[in-house]
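Student: Give me a 3D structure for the following:
(chains A, B, C and D)
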Number of protein chains: 4
Amino acid sequence: MEINGVTIEDTYAEAFNVWAARIIITAATKDWAFWAATEATGFASSTIRCPCEAGIEAYLPPNTTPDHRPGYSILICSKKSAIKEQVLSRISDCIMPVPTTAVFNGHVEMENPDAEYLTLPVKLHYFGDKFEKKVKVGDIDCWSIPLMGGNFVIEEEVSAIRAIAGGNFFVLGNSQMAALTAASVAAEAIKDVYGAITPFPGGVVSSGSKVGSKFYKFMTASTNEKYCPTIREAVIEKGLKTNVPNGVKAVFEIVINGVNETAVKNAMRAGIQTACTIPGVVMISAGNYGGNLGPYKFYLRDCI
Amino acid sequence: MEINGVTIEDTYAEAFNVWAARIIITAATKDWAFWAATEATGFASSTIRCPCEAGIEAYLPPNTTPDHRPGYSILICSKKSAIKEQVLSRISDCIMPVPTTAVFNGHVEMENPDAEYLTLPVKLHYFGDKFEKKVKVGDIDCWSIPLMGGNFVIEEEVSAIRAIAGGNFFVLGNSQMAALTAASVAAEAIKDVYGAITPFPGGVVSSGSKVGSKFYKFMTASTNEKYCPTIREAVIEKGLKTNVPNGVKAVFEIVINGVNETAVKNAMRAGIQTACTIPGVVMISAGNYGGNLGPYKFYLRDCI
Amino acid sequence: MEINGVTIEDTYAEAFNVWAARIIITAATKDWAFWAATEATGFASSTIRCPCEAGIEAYLPPNTTPDHRPGYSILICSKKSAIKEQVLSRISDCIMPVPTTAVFNGHVEMENPDAEYLTLPVKLHYFGDKFEKKVKVGDIDCWSIPLMGGNFVIEEEVSAIRAIAGGNFFVLGNSQMAALTAASVAAEAIKDVYGAITPFPGGVVSSGSKVGSKFYKFMTASTNEKYCPTIREAVIEKGLKTNVPNGVKAVFEIVINGVNETAVKNAMRAGIQTACTIPGVVMISAGNYGGNLGPYKFYLRDCI
Amino acid sequence: MEINGVTIEDTYAEAFNVWAARIIITAATKDWAFWAATEATGFASSTIRCPCEAGIEAYLPPNTTPDHRPGYSILICSKKSAIKEQVLSRISDCIMPVPTTAVFNGHVEMENPDAEYLTLPVKLHYFGDKFEKKVKVGDIDCWSIPLMGGNFVIEEEVSAIRAIAGGNFFVLGNSQMAALTAASVAAEAIKDVYGAITPFPGGVVSSGSKVGSKFYKFMTASTNEKYCPTIREAVIEKGLKTNVPNGVKAVFEIVINGVNETAVKNAMRAGIQTACTIPGVVMISAGNYGGNLGPYKFYLRDCI
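Tutor: I've put the predicted structure just below:
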């Protein structure tokens, strides 16, 4: 199978469940909302060493938000035991301090009415030390907490659903810059897909890993030498397997979390189609673990 | 004391010690270095609920970096017990995955040769699973770790020194937008001061707090009602003290961490001078705890 | 009439006809398309001294463009006698030189099937010196012109229609920064309205003018002293009229060009609603010349 | 000669004289100054069809500008007969309308005390209709012109010197994206060189041309087929000469204007060095016309 002469390998991305909360951040200006969203989704690329995975889902023009100011929706993803703590900490330390912000529940459960969901109480109004007040924003019950910079308005309950992590595809190029540019435009295209995020910085991953390590037994993860072009010959010499086609100089991965299967599939489609417009891309592949990792299989052939 | 008709209150910012590591991130392009720096300094505004405080210190043009590529230096600040873990986690999950990045020690100890310092080993080369190699970048000993996207080069020891956290000043305005714009241009000006960062998103804090809570005894911190303009009357009615001058509509705080006293002072100077160019700013003040918080007193009068 | 306590004056914006061409610019990446669009719409704020008025209409995600790459649509507006020259010059010197760009007709006549329109031939294929070739992009007939950086693809006929220039509204604030922030978020909101542009830099005008000059007879335009807050007293003292309400510190204007009346009205609505979310805005007004300037009257009351 | 394995061809860039004015634009915020600078330097890539060549020279931090606000310096370059008109039009229509801006003479003659220079009177104060006033900004005599959005401050005389246009180098890559990324980081690096600009959008040119046309006699310029990789075989088949080495897929040009020879040379050095850090770049060359175009020869070997 091909797009613009690029081989689409007949394989699939394997994905698994995660809990995802959607938070809507508004502010007086788009910039302040963006900076809050950026800080609140930082240090959140991978749960290998980050406490959660998070990303900006969408810019929300003023006429689409509860208080008619510009905003962003973000997704915060983690295992169930950590989700409340991550949502609370990131609102209290990364959003509330940002001038003019307000926080609303993104009601992520609406994306998937049959999904299991949680309501996370975020009891920030106590920060007001009894100067806080209940207010309505449209029909929404909120707290207004007086701060030095003005009043911070928050809808105190945020919902989370069982969502999907680990959607992915690989971009293989005959030069490193071709593969990188292609992965980059793919990540950019995915920004327009509602319900999906790419949690890594700039949306692209250079360091795809394998579980464990062949030679350092104390490591729980190590480089995925099968897909490393710069050591292709060394891998073969050691009698190991390589999946790097001859002539490929770099392989970048796009990792996608989404609120449901449709969102992940739409993101993979948008990303793959756009990656294939860049000259020098030779193949699209995907990462899976033979079905041992999770219940979701996103076949590339179904995404295009 | 006045600048452009703005009253500079005769008070001081009180600051305390913290450990700070400087990491230099380079990449093929400025954008990729920036995204790595942004992710690595995210969720790091305040150690109330974040695991560290971090920020981008400076853009480094190609002719100033070890590998002659564009880069950024970042500062990661925390207490001594957490610094190694934060440096390691943020390099491994927020920088290494970013396409084409390399990491170098920023040798923060050079800023202050007499300061106490630590060397933090960041043993990421094991990720290479014995495919990693020692390489030289100029005179610097590094590891080159093969990844799917190319080789990741890292100088594995990062140094940290006893630095300063909590430098600050307040911007008081006769309209919320005047105070906000002034605080914003102050934060922007501080970006040009080497050795200093503003760890909060966009560099401005809306939610300055006091220790404990008057009315909710279970809270360890709550709003600093003395500086909250929107409840000025309510505060007075409750028989509490307000520091909000009549007519002031908003108070924003700039928080500064720096590698030494000179850096903090330079940052305060640049920020205050620039804030005072905005019409509607009426006073500059600063936050202190009567000398109980830390050993550093930055008098505003010495900063201008 | 009021929005969020802001007075909406019972007046109208007066607008007139202009010719508008829509050009679609795509490129390998969003950034290159943006830089081409920015250069091609530069020096184009007002036809007082610029050769045309132009602006970016919309970002076009890859799945919406003819070649499935990211793009921008721009509008170039001028009188009929200048439109072909401006379209040709800006494509040949501001878009064709930009790496990887392609140009397509935006078929602006579709927005208004009954409108008068022109087809502008842009004979750039001769630049190929007989190395150019006819190609199809989807169903579209294009030329592919070989350049040093690759092939430049262009649909050579661009259409223009009789459109509308001079839609506008004024934002009056009780502080300069409040009025400016409000005007700024209004301009940002208008970016999401298809069919409309704000031709001035950043979308906001500080220097609204009157026709002619009271005291310098050789001037064809001069400051609109009736709306200048900093000389309010001087204007009154000279026995002239002021429209500046007491306490207003700044008046900023948003100027809007649109492909039809609906687009202008939608832009005015989005801008006014968003401006009224900023504290310190006290009034929204609009500029007109008593009906002498042009055939269109956009009443503020109809825009909200 | 080689840098990082990239061949530096033993050739030179040929450049010629032009008049250059430097204008300093300040504003309340960096963003507003940037938008003014961007509009004022738009439609100014090449004097083939643009009325001048212009670009942003440098960001100026607040502590370096006359009014201690953030700013940008821009260079406007044209032949002598057009320079005053271009400076006037771009100030009056692209800078004065932008909220909170001020304009100062960049005293470009200081860069080269022995150079011939002009003083350009920009009589904008008449716009004030006798409400304008003389003011001092530090030691500088300025006019303050009341506008709707506040007062516009301007130093009315701008100086221009005989400067240099047409500095250049070519980046040849074994993939289009490698060459493009390299040219792009080169242009970014040149932003840090004071005294130089890259007038084309994003700093990179895809459409280098030759004088005249081989097959369309009415064309004054056409594609430079000698450097067009996509028609390399066709060029050879027609018995014409190609300068494209085998395996090269794209050639991008960086064009540089500078206030003197040192600035052009520094910009070429910064650009070439940075371009050579990108994998896939195979050669750096330069454009010249055998010495017929202008008096300046910048040998690549002297720039590195």
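Student: for stretch A:82-90, which positions count as buried?
Tutor: Of all the residues in stretch A:82-90, those buried under the rule 16 or more other C-beta atoms under 10 Å in any protein chain shown are A:Ile83, A:Lys84, A:Gln86, A:Val87, A:Leu88, A:Ser89, A:Arg90. (Each C-beta comes from the backbone N, C-alpha and C, glycine too.)
Student: which of those residues are close to chain C?
Tutor: Restricting the buried residues of stretch A:82-90 to those within reach of chain C (C-beta under 8 Å from any C-beta of the partner chain) leaves nothing.
Student: So which of those residues are in strands?
Tutor: Here DSSP state E is the test, and the buried residues of stretch A:82-90 give no hits in strands at all.
Student: Closest to chain B out of the residues you listed?
Tutor: Distance to chain B, by C-beta to the nearest C-beta, is smallest for A:Ser89 among these, at 4.0 Å.
Student: Quick one: residues contacting the nearest residue to that closest one once chain neighbours are set aside.
Tutor: If the residues on either side of it in the chain are set aside, A:Ser89 comes closest to B:Arg49, at 4.0 Å by C-beta to C-beta, 6 or more residues apart in numbering or on different chains. When contacts are counted by C-beta atoms under 8 Å, 6 or more residues apart in numbering or on different chains, B:Arg49 is found next to A:Leu88, A:Ser89, A:Ser92, A:Asp93.
Student: How about the helix or strand harbouring A:Cys142 and chain C, any contact?
Tutor: Using DSSP states H and E, A:Cys142 falls within strand A:140-147. No - figure legend: strand A:140-147 not in contact with chain C (C-beta under 8 Å from any C-beta); closest approach 13.9 Å.
Student: other SSEs contacting that strand?
Tutor: Using 3 or more C-beta pairs under 8 Å, 6 or more residues apart in numbering or on different chains; DSSP states H and E, the elements in contact with strand A:140-147 are strand A:102-105, strand A:133-137, strand A:150-154, strand B:221-223.
Student: between those, which gets nearest to C:Asp67?
Tutor: strand A:102-105 (38.2 Å; C-beta to C-beta).
Student: For the helix or strand just after the closest one, name the packing helices and strands.
Tutor: Stepping forward along the backbone from strand A:102-105, the first helix or strand reached (DSSP H and E) is strand A:117-121. Secondary-structure packing of strand A:117-121 (3+ C-beta pairs under 8 Å, 6+ apart): helix A:80-90, strand A:157-173.
Student: Let me have those in JSON lines, extended by mean pLDDT and distance to C:Lys134.
Tutor: Formatted as JSON lines, the entries for the helices and strands packed on strand A:117-121 read as follows, by pLDDT from 0 to 100; distance: least, C-beta to C-beta, whole Å:
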{"stretch": "helix A:80-90", "mean pLDDT": "97", "distance to C:Lys134": "55"}
{"stretch": "strand A:157-173", "mean pLDDT": "97", "distance to C:Lys134": "30"}
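Student: can you put those in CSV and add distance to D:Glu188?
Tutor: As requested, these are exported to CSV (distance: least, C-beta to C-beta, whole Å):
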stretch, distance to D:Glu188
helix A:80-90, 32
strand A:157-173, 22
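Student: Would you mind listing what in chain A touches chain D?
Tutor: When proximity is defined by C-beta under 8 Å from any C-beta, chain A lies next to chain D at A:173-178, A:180-182, A:249, A:278-280.
Student: Reformat those residues into CSV and put secondary structure and distance to chain B next to each item.
Tutor: CSV is the format used below for these (DSSP: H, G, I helix; E, B strand; the rest coil; distance: C-beta to the nearest C-beta, whole Å):
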residue, secondary structure, distance to chain B
A:Gly173, strand, 10
A:Asn174, coil, 14
A:Ser175, coil, 11
A:Gln176, helix, 5
A:Met177, helix, 7
A:Ala178, helix, 12
A:Leu180, helix, 5
A:Thr181, helix, 10
A:Ala182, helix, 11
A:Lys249, coil, 8
A:Ile278, coil, 14
A:Pro279, coil, 18
A:Gly280, coil, 14
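Student: For D:Lys241, state which of those residues is nearest.
Tutor: Nearest to D:Lys241 among the residues of chain A next to chain D is A:Pro279, at 25.5 Å by C-beta to C-beta.
Student: close enough to count as contact, the closest one and D:Ser175?
Tutor: Yes - between A:Pro279 and D:Ser175 a contact is recorded at 7.2 Å, counting by C-beta atoms under 8 Å.
Student: Looking only at neighbour counts, state which of those two leads.
Tutor: For A:Pro279 against D:Ser175, the residue with the higher neighbour count under other C-beta atoms under 10 Å in any protein chain shown is D:Ser175, and the figures read 28 against 20.
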